[in-house]
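Engineer: after the sequence you'll find the predicted model.
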Amino acid sequence: MEGGLGQNSVPSSSSFDKSTVLDVKPLRCMLPIFPMSSQGPSSGQYPSGFAPFFPFGGPQESHAWTDPDQDTPPSGVTLNVPMPTPLRSFRSPIASTPPKHRALRGSSSRSSKRKTQQSQESLMDLSSVVGISPAQRADGNREVVNLVLMEFDALRRRISQLADAGEFVSGVTKRGDLKSGNVLMTAGIRTNMNKRVGAVPGVEIGDIFFFRMELCVVGLHAQSMGGIDSLTIKDGLEEEPLAVSIVSSYEYDDHADDDDVLIYSGQSGNFGKRDRVACDQKLQGGNLALERSSRRHNEVRVIRGMKDTANPSAKIYVYDGLYKIQDSWIEKGKHGSVVFKYKLVRMPRQRSAFSVWKSVEKWKTDSSSRTGLILSDLSSGAESVPVPLVNDVDHERLPGGFTYFHSLRYPKPVSLMQSSNGCNCTKPCVPGDLNCSCIRRNEGDLPYTGNGILVSRKSLVHECGPTCRCFPNCKNRVSQMGLKHAFEVFKTSDRGWGLRSWDPIRAGSFISEYAGEVIDKGNLHQNEELAMKDEHAFNTNQIYPPFKWNHTPQLLEEVSSNDSSEDYDIPSPLVISAKECGNVARFMNHSCSPNVFWQPVVYEENNQSFLHIAFFSLKHIPPMTELTYDYGVSHSDRAEGSGIPSGRKKCLCGSSKCRGSFG
């Protein structure tokens with residue numbers, strides 16, 4: 001374990017068909033409508049058997065915007081005009097806390113009380129609370145994008161936690177992603193509001209998003225539902241739309257054999273929609289914007305919607321970089337309707353993104369196809385998911401000799417905390433059930449969402465353990481259920497062995513426990529010296545830089561007595577050595593800008609409470625991205641100077657915030 005990386009037109013009254021009104025959803029905003037240029041490019045080449053569509057061919061009559069699948073027309077938004085908040089279909093999420101639950105929260109020094117009234121104006125422009133300036137709202141950078149995404153997901157996790165516990169008023173949607181997106185946009189917590197052609201500041205190729213609203217709050221794609229986003233530009237005395245980004249979905253047969261080529265189907269026509277009669281697509285809205293982009297050859301951002309293997313009903317969105325439209329044509333779709341097709345080709349010299357996903361899919365089918373594979377399973381079956389060992393850098397065959405062990409090993413019987421009784425639940429623990437002692441220890445909350453995502457950093461997370469009577473599949477046993485992702489241990493170019501995942505990882509996901517041998521706490525000074533010499537040692541007594549990961553209480557009209565503190569409260573220092581025995585966690589390298597953090601977890605074993613160190617993802621992590629955490633700094637060495645202080649190691653993380661050394 002070494003230092004490392006880390007569009008719309010209006011019909012005339014004489015042609016107005018009132019029968020169509022009922023099929024149109026109300027617009028969420030009113031934006032100016034400009035005439036579109038009827039000028040078309042010169043005729044080009046088209047695939048054999050396909051006819052060119054307007055304006056390459058004959059004239060096309062104008063049509064009103066009647067796409068039932070898109071909240072707002074994808075064009076008509078000009079540069080430097082703030083994008084409207086796309087979602088207003090639900091009330092502000094004010095909780096209705098049951099009396100019993102409220103009483104519990106009010107009695108805890110670290111608990112939060114919920115306000116019953118707060119004006120909408122008080123929620124407006126809270127961007128300064130999280131550190132976003134007006135200039136950064138208009139144009140962001142990497143740090144601001146990460147900040148907005150972290151606040152979004154922290155808020156979404158909290159909303160999901162409250163919804164699981166039944167704390168929201170009836171009639172309010174349980175979609176935490178929609179709620180959090182609406183709250184953040186209303187509060188001004190967003191970035192890159194200035195629409196643009198080309199790259200979006202702070203968003204990197206390969207970044208992944210688990211919700212469409214995440215694309216909106218960082219300015220990558222402004223449509224919360226529509227697949228084509230556009231802006232209006234002035235061309236002489238006329239204005240016309242240009243496509244700036246598209247979201248590709250496999251359900252519309254967007255595909256190509258070449259990873260750098262995308263065949264994109266136009267929008268509308270009810271293509272691919274269940275229980276709807278397919279109709280011909282029309283050259284308007286987003287389709288018209290794509291046609292104009294084809295003529296102007298501007299860059300178009302491509303976001304690919306990938307299937308989420310952990311949730312088949314959901315997608316993961318991958319930013320695959322900049323493309324240009326090379327060709328377009330019309331063809332008959334599956335149901336006989338006319339469909340517009342656009343061929344987009346990826347611009348050269350961009351980092352890999354979609355191609356990485358395709359490679360991983362191949363490895364999962366046949367692990368032997370992985371270049372540099374040394375072992376198919378480093379854990380030798382100790383983990384339910386194999387852990388391949390890979391080296392495509394040099395000739396080293398194995399990491400230093402150690403025994404793979406998936407949990408903690410104590411040299412002698414020892415209790416790190418006072419014993420207490422486990423819960424008496426006769427089924428999986430239910431969120432908000434104050435009869436559950438484990439729920440009470442977590443200040444009345446279940447620390448995880450229904451799909452096992454950690455909601456917030458806490459001083460201690462109390463899980464159900466072997467002493468508890470609840471079912472083994474209880475949602476409060478996340479860190480005890482073993483690995484859930486397909487990890488590989490790989491050889492880095494300059495930091496020894498490292499760890500990364502073949503799977504995309506959502507923020508708050510459990511990574512692994514830090515397994516190893518617990519060192520006797522009898523001689524703390526001696527143990528700290530040992531930890532300094534042992535590069536595979538984890539020491540809770542290090543100085544770890546503070547960081548904010550939890551949601552901002554004001555955004556949910558919460559008042560917390562200690563909302564700024566996420567400090568750990570560990571009863572006794574814990575030193576774990578993974579030199580002789582350990583698991584995948586021993587291979588995680590240090591970074592001053594990590595994507596993983598550790599959380600102390602305690603649960604009952606043999607009628608005694610034992611402390612464990614669990615690692616969780618700090619943010620969304622794309623496949624094949626190295627997993628890193630901050631090793632911290634020793635209390636015994638705070639000397640400052642021009643060189644690397646004694647006892648520390650040189651940091652090679654490459655982060656813009658690199659401290660130069662660690663340990």
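Structural biologist: Now that the structure is in, tell me what you want to look at. Numbers count the residues shown, from 1 in each chain.
Engineer: for the top helix by length along the chain, name the packing helices and strands.
Structural biologist: Counting residues, the longest helix found in the chain (DSSP state H) is helix 142-164. In this structure, helix 142-164 packs against helix 176-186, helix 212-217, with contacts taken as 3 or more C-beta pairs under 8 Å, 6 or more residues apart in numbering; DSSP states H and E. Where C-beta positions appear, they are placed from N, C-alpha and C, glycine not excepted.
Engineer: can you rerun that using 10 Å?
Structural biologist: helix 134-138, helix 176-186, helix 212-217 (3 or more C-beta pairs under 10 Å, 6 or more residues apart in numbering; DSSP states H and E).
Engineer: immediately after the longest strand anywhere in the chain, which helix or strand?
Structural biologist: Ordering each strand of the chain by length in residues (DSSP state E) puts strand 315-332 first. Per DSSP states H and E, the first helix or strand lying C-terminal to strand 315-332 is strand 338-346.
Engineer: quick one: mean pLDDT over that following strand.
Structural biologist: Strand 338-346 carries an average pLDDT of 94.
Engineer: again, but for stretch 424-444
Structural biologist: Rounded mean pLDDT across stretch 424-444 is 91.
Engineer: how far is it from where the chain is centred?
Structural biologist: Stretch 424-444 sits 28 Å away from the centroid of its parent chain (C-alpha atoms, centre = their mean, to the nearest Å).
Engineer: how far does it stretch from start to finish?
Structural biologist: One end of stretch 424-444 to the other measures 16 Å (C-alpha to C-alpha, to the nearest Å).
Engineer: one more: stretch 363-379?
Structural biologist: First residue to last in stretch 363-379 (C-alpha to C-alpha) measures 18 Å.
Engineer: contact partners of that stretch?
Structural biologist: 309, 359-360, 362, 383, 385-394, 396-399, 404-406, 482-483, 486-491, 502-503, 583-584, 587 (C-beta atoms under 10 Å, 6 or more residues apart in numbering).
Engineer: let's go with 8 Å and repeat that
Structural biologist: Stretch 363-379 is contacted by residues 362, 383, 386-393, 397-398, 404, 406, 486, 488-491, 502, 583-584 when judged by C-beta atoms under 8 Å, 6 or more residues apart in numbering.
Engineer: of those, which belong to helices?
Structural biologist: residue 362.
Engineer: pull out the buried members of the contacts of stretch 363-379.
Structural biologist: 383, 386-391, 404, 406, 486, 488-491, 502, 583-584 (16 or more other C-beta atoms under 10 Å).
Engineer: count the residues that sit near residue 360.
Structural biologist: 19 (other C-beta atoms under 10 Å).
Engineer: excluding its backbone neighbours, what's nearest it?
Structural biologist: residue 502 (4.8 Å; C-beta to C-beta, 6 or more residues apart in numbering).
Engineer: for that neighbour, give me its contacts.
Structural biologist: Neighbours of residue 502 in contact, by C-beta under 8 Å, 6+ apart: 360, 363, 364, 485, 486, 487, 488, 623, 624.
Engineer: can you check residue 407 too?
Structural biologist: 513, 515, 583, 612.
Engineer: same question, residue 322
Structural biologist: Here residue 322 is in contact with 198, 199, 299, 300, 301, 302, 346, 347, 350 (C-beta under 8 Å, 6+ apart).
Engineer: for it, give its distance to residue 191.
Structural biologist: Distance of residue 322 to residue 191, given as C-beta to C-beta, to the nearest Å: 19 Å.
Engineer: next: residue 541.
Structural biologist: Residue 541 is 38 Å from residue 191, by C-beta to C-beta.
Engineer: what's the answer for residue 585, then?
Structural biologist: 33 Å.
Engineer: ok, residue 514 next?
Structural biologist: 35 Å.
Engineer: tell me which of the contacts of residue 407 fall in helices.
Structural biologist: Going by DSSP H, the helices hold none of the contacts of residue 407.
Engineer: now, the most widely separated pair of these?
Structural biologist: 583 and 612 (12.2 Å; C-beta to C-beta).
Engineer: who touches both of the two?
Structural biologist: Common neighbours of residue 583 and residue 612 (C-beta under 8 Å, 6+ apart) are 407, 513, 514.
Engineer: turn the residues you listed into CSV, including distance to residue 495.
Structural biologist: Compiled in CSV, the shared contacts of residue 583 and residue 612 are given as follows (distance: C-beta to C-beta, whole Å):
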residue, distance to residue 495
407, 26
513, 22
514, 18
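Engineer: now those residues as a markdown table including distance to residue 468 and pLDDT?
Structural biologist: Output for the shared contacts of residue 583 and residue 612, formatted as a markdown table (distance: C-beta to C-beta, whole Å; pLDDT from 0 to 100):
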| residue | distance to residue 468 | pLDDT |
| --- | --- | --- |
| 407 | 17 | 89 |
| 513 | 18 | 97 |
| 514 | 23 | 97 |
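Engineer: isn't there a helix covering residue 554?
Structural biologist: Yes - Residue 554 sits within a helix when classified using DSSP: H, G, I helix; E, B strand; the rest coil.
Engineer: separation between it and residue 160?
Structural biologist: 19 Å.
Engineer: ok, residue 395 next?
Structural biologist: 48 Å.
Engineer: when the two are compared, which one has more neighbours?
Structural biologist: residue 160 (23 against 6).
Engineer: and that one, what does it touch?
Structural biologist: 174, 176, 449, 450, 453, 455.
Engineer: element containing the fourth one?
Structural biologist: Put plainly, it is residue 450. Using DSSP H and E, residue 450 falls outside every helix and strand.
Engineer: thought residue 473 was touching it, still the case?
Structural biologist: No - look at residue 450 against residue 473 with C-beta atoms under 8 Å: they stay out of range, at 12.0 Å.
Engineer: ok, these two, which is more surrounded?
Structural biologist: Between residue 450 and residue 473, counted using other C-beta under 10 Å, the more crowded position is residue 450 (12 against 9).
Engineer: phi, psi of the nearest residue to residue 389 once chain neighbours are set aside?
Structural biologist: In this structure, residue 389 finds its nearest non-sequential neighbour in residue 375, 4.0 Å apart by C-beta to C-beta, 6+ apart. Note on residue 375: backbone dihedrals following degrees, to the nearest 10 are phi -130, psi 140.
Engineer: what is the neighbour count of residue 234?
Structural biologist: Quick note: residue 234 (other C-beta under 10 Å) scores 11 neighbours.
Engineer: next one: residue 180
Structural biologist: Using other C-beta under 10 Å, residue 180 has 29 neighbouring residues.
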